[in-house]
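**Q** this is a predicted model, with the sequence first.
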Amino acid sequence: MRIAKTVTSLALSASALLYCNSALAEPHILTSIKPLELLVRAVATDDMHISTLVPAGSSPHNYSMTPSKRRALENADIIFWVGPEMETFLSRLLTGSEFGERSITLMGSGSDAGHVEATDLPRDHEGESHAHGPGGGEDPHIWVDPQMALTMAEAIRDALAQLEGANKLALDNNLETFRASIAAKEQQIRTQLKPLQNASLFAYHSAFTRFAGHYNLNVEGVLTLNPELSPGARHIAGVQNSLRSADHPCLLTEPQFNRQWWHSITEGLDVTFSTWDPLATDIDATANGYTAFQQSIADAVLKCLPENTEH
């Protein structure tokens, strides 16, 4: 009888433990790309488990969903993504009935809570639109602009606050800390980039233009308006002419795309190169990661100064 009671007691204790662990399970937050993870980590509390869908070194423009990533979607309590014009491979899944209620579009035309309106986003230089989605639209690389990132962080805070058991006070405090860090980093970067206000900068594609616009940098040309498509001969010839006529032109390239392609376009031209990573691949995923990401972009631009250039 004593043994039976012991077994029963152990069984009840195990059941209670399982229930307790389930009740205290960390909320699973999934982001589509690393820069969004940096924003979530800046706002989220320590009890939240955060991961990213698109792996390091891959581009959301041409990523293909795998079974393990599908399971990550199924296990997520909330999913943050930019929107259909950026992560085209997620459009059907995250707008459908299975995951739609758990997904937060940070750039969109709807009025749902947690959405950032496309009409609120600034235009590129000269009013040019470089969207990747069919039919054009706003440039979806909203996370490279620190003020847009702050707006996104506010939407992230609102969404996380709706999770069961969320510590809203801690979320608010984290958001205010992030707001202060953004302001300080922005001021620092503006000072650093003053010598480059009149520099002739060229970008591989439109991902750089929002950062440039925010800091009043001069982007004279973009090699390709859509990295999913090869640019036409007329566009390439126009960019080459701009490179020839520019004073100390600097091309900002990206590690996700074919290096040989832009080298062939610039062959024989006096062009310097600097690489920046819009997907923050090498940035530590911490609460301070986003400001480190902003600094990494500024550091890449600073390499375009004549004394720092690399041919």
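**A** Thanks, I have it. Numbers count the residues shown, from 1 in each chain.

**Q** centroid-nearest residue for this protein?
**A** Nearest residue to the geometric centre of the chain (C-alpha atoms, centre = their mean): P35, 3.3 Å.

**Q** from L223, how far out is it?
**A** Distance of P35 to L223, given as C-beta to C-beta, to the nearest Å: 22 Å. Every C-beta, even on glycine, is put in place using the N, C-alpha and C of the backbone.

**Q** also T291?
**A** 28 Å.

**Q** after the helix or strand containing N173, which helix or strand is next?
**A** Using DSSP states H and E, N173 falls within helix 168-193. Next in sequence after helix 168-193, counting helices and strands by DSSP H and E, comes strand 201-203.

**Q** which residues are in contact with that following strand?
**A** 208-209, 212, 217-223, 239, 242-243, 246, 249-252, 271, 301, 304 (C-beta atoms under 8 Å, 6 or more residues apart in numbering).

**Q** among those, which lie within helices?
**A** T209, A212, V239, S242, L243, V301 (DSSP state H).

**Q** hmm, which of the residues you listed is lowest in pLDDT?
**A** Among these, V239 carries the weakest pLDDT, at 82.

**Q** what sits closest to it if chain neighbours are left out?
**A** G221 (4.7 Å; C-beta to C-beta, 6 or more residues apart in numbering).

**Q** tell me the contacts of the one you found?
**A** Neighbours of G221 in contact, by C-beta under 8 Å, 6+ apart: F202, A203, G238, V239, S242, L243.

**Q** what bridges to it?
**A** F202 (DSSP bridges).

**Q** what about it, distance to A207?
**A** 14 Å.

**Q** re earlier: for the helix holding N173, which positions count as buried?
**A** L171, N174, L175, F178, S181, I182, K185, E186, I189, L193 (16 or more other C-beta atoms under 10 Å).

**Q** out of the contacts of strand 201-203, which are buried?
**A** 208-209, 212, 217, 219-223, 239, 243, 246, 249-252, 271, 301, 304.

**Q** that older thread, am I right that the residue nearest to the centre of the chain sits in a helix?
**A** Yes - counting by DSSP: H, G, I helix; E, B strand; the rest coil, P35 falls inside a helix.

**Q** touching, it and T281? I think so.
**A** No - using C-beta atoms under 8 Å, P35 is not in contact with T281, being 10.0 Å away.

**Q** which residues are in contact with each of those two?
**A** Between them, P35 and T281 share no contacting residue, judged by C-beta under 8 Å, 6+ apart.

**Q** does E98 sit in a helix, a strand or a coil?
**A** E98, by the three-state scheme (three-state DSSP), is coil.

**Q** if we can go back for a sec, spit out the contact partners of the residue nearest to the centre of the chain.
**A** Applying C-beta under 8 Å, 6+ apart, the residues contacting P35 are W143, V144, P278, L279, A280, Y290, F293.

**Q** and what of W276?
**A** Counted by C-beta under 8 Å, 6+ apart, W276 has contacts F208, L252, T253, E254, S296, I297, A300, V301.

**Q** look at I50 and say how many residues are nearby.
**A** 18 (other C-beta atoms under 10 Å).

**Q** roughly how far does the closest residue to it other than its chain neighbours sit from A166?
**A** Leaving out its chain neighbours, the residue that sits closest to I50 by C-beta to C-beta, 6+ apart is I29, at 4.6 Å. I29 is 11 Å from A166, where distance means C-beta to C-beta.
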